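[1] Sharing a sequence plus its predicted fold:
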Amino acid sequence: MQKMPARNTPRSTTGNYMEDASPMLRLARRIREEQGVEQLRAFLAAMGPFSAPNEIRHIGEDFGIPFESIEAERRRTEERQAPRPAPKQDQGGNRMQDQMNQIGMLLNLANMMKNGGDMMNLINMFGKK
């Protein structure tokens, strides 16, 4: 839900000030007016990788948001979005058994190749798990 602007007066008394403002500053003003300071902080944190740190610092200070809080928000967001490794399952016994099965299959294959093995036996051997 959007907040209504506090006042409906022009944003600047100079005519071309809004035209000279960077697109990020214009977005920041709009977000501040419509959604509040917390959403502005989240926006500035999200824009961190895409803009110069000094620009974010300057815009934040213009709105009374310390740069350290913007950086803290960015770190929290990165931590939430970072992929977490899957927990390792103890499959030591299963892995050893699989390796033994593979060795056995290779030995069977070598024996079959020496003896001119039947193609159906090969297919059956690879079909087993």
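    Looks like it came in fine.
[2] Can you report phi and psi for the residue minimising distance to the centre of the chain?
    With distances taken as Cα atoms, centre = their mean, the residue of the chain nearest its centroid is Q81 (4.6 Å). The phi/psi pair for Q81 (degrees, to the nearest 10) reads phi -90, psi -10.
[3] pLDDT score for it?
    Q81 is assigned a pLDDT of 77 by the prediction.
[4] do the same with M18
    53.
[5] helix or strand right after the helix-or-strand element of the chain with minimal mean pLDDT?
    Using mean pLDDT, DSSP states H and E, the weakest-scoring helix or strand in the chain turns out to be helix 17-20, at a mean of 58. On the C-terminal side of helix 17-20, the closest following helix or strand by DSSP states H and E is helix 23-35.
[6] Okay, helices next: where are they in this structure?
    Here the chain has its helices, by DSSP state H, at 17-20, 23-35, 37-46, 53-62, 67-81, 92-114, 119-127.
[7] now what about the fourth one, what contacts it?
    Yep, that's helix 53-62 we're talking about. With Cβ atoms under 8 Å, 6 or more residues apart in numbering as the test, helix 53-62 has contacts from S22, M24, L25, A28, R41, L44, M47, G48, P66, F67, S69, I70. For glycine as for every other residue, the C-beta is placed from the backbone atoms N, C-alpha and C.
[8] rerun that using 6 Å as the cut-off
    Contact with helix 53-62 is made by L25, A28, L44, F67, I70, as judged by Cβ atoms under 6 Å, 6 or more residues apart in numbering.
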